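In: coords below, sequence missing:
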């Protein structure tokens, strides 16, 4: 899923203060799972904004709505009636959601309420871990299903570096050393031999380095 | 001889080699750099020029190598993959060789969050082992990454770093072997304080036949004070400093601690000279470069050296 | 009770059995401005409910929960505490005193304790400057 966090309310206010009416739009997909932009958070942010304006003796119209998915036109239609009645839309979608709304509502300012962080998993309640950088050339099969590109702070393909200590990364002891995980897992699987081979430089042209990517499937098109 | 490197000549001749580290200035102060360089002149075989060490912005290592060469040093260009992609790395290697630099130490580098530019993007297009292989292919195959041929290949004497004390411990020799296979002609180790563990590491390396394929230079760093020893033990990534050494430093009065630190380094150097498989030492006297001649003299290594 | 009545909302866990049938209405008459809301578990109250209640005009919100070990839903009372703290952080961010929210674990069926608590909370809310905008909302 896409993991995000809510921006500070001060930053959001700076961006929306100029509008008299704002439609706050959540997304009930990824960002609901990571408790950043689902129904609950949409209600929370709406109430907090109202309180914040009331305290300043201001009373803009703030309406809330939640889409099942903010990055697909069919779902964006759910706010077709509400959108025109507001000066701006405050989106609790990920970066893709914000830009999809902007594509659909060309004449409407779309303001992000979240900072989109990464592709990750829910490792336990309230804990989300980044584990995919979307490099476009998955090599997890060689590394015991632990991604060296994502889980090593230096993207080492021939790790671990000299800063690995007690399974922790030199950058920050809060970070588990990706290479320590790779070695332990391959050891447990009896496949440590995979790591003695030299891994040549990656082809990053399949990643964002090759420019913004697009997938086109004719069989899926109308 | 693979290269025209003076360091290679020394090592090949079986002399106990001495290299030392010299950090370029934080700015463009050529005189300061030359001053630092002069204190090392004639007492070492080659000087390592650090590349924005600990991710702190300093004069470029290529430029500093060239300046140190102009006063008579044999520079070892340290190159990290943190700040440059493969285009810049290969280009700088061409440039360095064109300016007469004959040795390179291939590193990944400390993470950018350690330094004074924490907001920087970390490049890490290659890792240190891929850089080793790249420099080796440039020299031996006369090709850059992707297989294109080059005119006048840079013939570098190639080095790599090894840290016998990082984790997972059982993986350290395997990783050094990987570096040697990728092209490391010589290895400079992390500062060694835990002799027992280093001896085990060396025994493993000898068993695997690695000392036949490469020259290993043992890392030495003198403590200036017990404070520095404690700081390194607690804060510096990849260090293993036994309590016994810290106690020894703490056991002497403050004004004698620098002397004690040097004494420890000298004892270590003497042990390295006896140790099988060790071809030399690499002195990292951090902001204490002017003490290097004294340390070498005390260790009986101050024969006049060619560089 | 002293001072002008202020609008206060009390969410109380029904497992506390504070009121028998019909008693709540009688009790309410004694406490003008007070709204008592019975909920299946204090854990059902989320941060957005609390902020919404305040944005809707309440001057203070009190959450009455069972002892952590007595929670029928095991972790409801524990989770509720965290949510109230989280809502308090949001209040702080928008510059409103988090004292307007309170979470208290009370003994079951103890009306005397409840009245003491209400008296204390009400006077605390009365001591806070009334935010006219909130009252108007």
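Out: Perfect, I can see it now. Keep in mind that this is a model prediction, so the values were computed, not measured.
In: What's the mean pLDDT across the longest helix seen in chain A?
Out: What stands out as the longest helix in chain A, according to DSSP state H, is helix A:39-55. Helix A:39-55 shows an average pLDDT of 96 in the prediction.
In: Does it reach chain C?
Out: Yes: with CB under 8 Å from any CB of the partner chain as the measure, helix A:39-55 is seen reaching chain C through A:40-41, A:43-44, A:47-48, A:50-52, A:54-55. Heads up, the C-betas are built off the backbone N, CA and C, glycines and all.
In: and the very next helix or strand once past that helix, which residues are buried?
Out: On the C-terminal side of helix A:39-55, the nearest following helix or strand under DSSP states H and E is strand A:61-67. Across strand A:61-67, burial judged by 16 or more other CB atoms under 10 Å in any protein chain shown covers A:62, A:64-67.
In: Give the pairing partners of strand A:61-67; include direction for each.
Out: Strand A:61-67 sits in its sheet next to strand A:21-27 (parallel), going by DSSP bridges.
In: Downstream of the strand it pairs with, the next helix or strand is which one?
Out: Downstream of strand A:21-27 (by DSSP H and E), the next one is helix A:30-33.
In: From residue B:110, how far out is whichever residue of chain A sits closest to chain B?
Out: Of all residues in chain A, residue A:162 sits closest to chain B, at 3.3 Å by CB to the nearest CB. According to CB to CB, to the nearest Å, residue A:162 and residue B:110 sit 10 Å apart.
In: cool, residue C:30 as well?
Out: In this view, residue C:30 and residue B:110 are 69 Å apart by CB to CB.
In: In terms of neighbours, single out the busier of the two.
Out: residue B:110 (24 against 10; other CB atoms under 10 Å in any protein chain shown).
In: So that one sits against residue B:54, correct?
Out: Yes: if you go by CB atoms under 8 Å, residue B:110 and residue B:54 touch, sitting 5.0 Å apart.
In: ok, back up a step: check contacts around the residue of chain A closest to chain B.
Out: Contacts for residue A:162 (CB atoms under 8 Å, 6 or more residues apart in numbering or on different chains) come out as B:161-163, B:166, B:190, B:237-238.
In: Keep these, but drop any that are not near chain A.
Out: B:161-163, B:166, B:190, B:237-238.
In: Tell me the most packed of those, by neighbour count.
Out: Neighbour max across those (other CB under 10 Å) = residue B:162, 26 neighbours.
In: anything in contact with each of residue A:162 and residue B:110?
Out: residue B:237.
In: State the number of residues packed around residue B:224.
Out: 18.
In: How about it, nearest residue that isn't a chain neighbour?
Out: residue B:258 (5.4 Å; CB to CB, 6 or more residues apart in numbering or on different chains).
In: Against residue A:65, how distant is that neighbour?
Out: Residue B:258 is 70 Å from residue A:65, by CB to CB.
In: With residue B:41 instead?
Out: Residue B:41 is 74 Å from residue A:65, by CB to CB.
In: go on, residue C:68?
Out: Distance from residue C:68 to residue A:65, by CB to CB: 37 Å.
In: Secondary structure element holding the residue most central in space within chain B?
Out: Central residue of chain B (CA atoms, centre = their mean): residue B:188, 5.0 Å from the mean position. For residue B:188, the host element (DSSP H and E) is strand B:186-191.
In: Please name the strands paired to that strand in the sheet, noting orientation.
Out: In its sheet, and by DSSP bridges, strand B:186-191 pairs with strand B:157-162 (parallel), strand B:215-220 (parallel).
In: State the mean pLDDT of the last one.
Out: Spelled out, it's strand B:215-220. pLDDT averaged over strand B:215-220 gives 98.
In: next one: stretch C:39-52
Out: Computed over stretch C:39-52, the average pLDDT equals 95.
In: Could you do stretch B:160-177 as well?
Out: 93.
In: So what would you say the end-to-end distance of that stretch is?
Out: Using CA to CA, to the nearest Å, the end-to-end distance of stretch B:160-177 comes to 11 Å.
In: need the helices for the stretch 51-200 of chain B, in chain order.
Out: B:61-70, B:86-98, B:128-140, B:172-182, B:195-207 (DSSP state H, counting those that start in this stretch).
In: Make CSV out of those and add distance to chain A.
Out: Shown next, in CSV, are the helices of the stretch 51-200 of chain B (distance: least, CB to the nearest CB, whole Å):
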stretch, distance to chain A
helix B:61-70, 19
helix B:86-98, 7
helix B:128-140, 4
helix B:172-182, 6
helix B:195-207, 13
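In: any idea which of the ones you listed is most buried?
Out: helix B:128-140 (a mean of 23; mean count of other CB atoms under 10 Å in any protein chain shown).
In: Find the closest residue to chain B in chain C.
Out: residue C:93 (25.0 Å).
In: can you pull the pLDDT of whichever residue of the stretch 1-150 of chain B sits closest to chain C?
Out: Per CB to the nearest CB, residue B:119 is where the stretch 1-150 of chain B lies closest to chain C, at 25.0 Å. As predicted, residue B:119 sits at a pLDDT of 97.
In: again with residue B:305
Out: 64.
In: For chain B, which residues are neighbours of chain A?
Out: Residues of chain B lying near chain A (CB under 8 Å from any CB): B:82, B:86, B:108-111, B:113-114, B:122, B:124-130, B:133-134, B:145, B:161-163, B:166-168, B:171, B:174-175, B:177-178, B:181-182, B:190, B:237-238.
In: picking that back up, for the residue nearest to the centre of chain B, list each beta-bridge partner.
Out: With DSSP bridges as the rule, residue B:188 is bridged to residue B:161, residue B:217.
In: And it, how far from residue C:12?
Out: On the measure of CB to CB, residue B:188 and residue C:12 end up 70 Å apart.
In: what comes up buried for the biggest strand by length in chain A?
Out: Counting by DSSP state E, the longest strand found in chain A is strand A:114-124. Buried residues in strand A:114-124, counted by 16+ other CB under 10 Å: A:114, A:116-118, A:120.
In: can you count the residues close to the residue of the stretch 151-300 of chain B found nearest chain C?
Out: Here the stretch 151-300 of chain B gets closest to chain C at one residue, residue B:235, 32.6 Å apart by CB to the nearest CB. Residues lying near residue B:235 (other CB under 10 Å) number 8.
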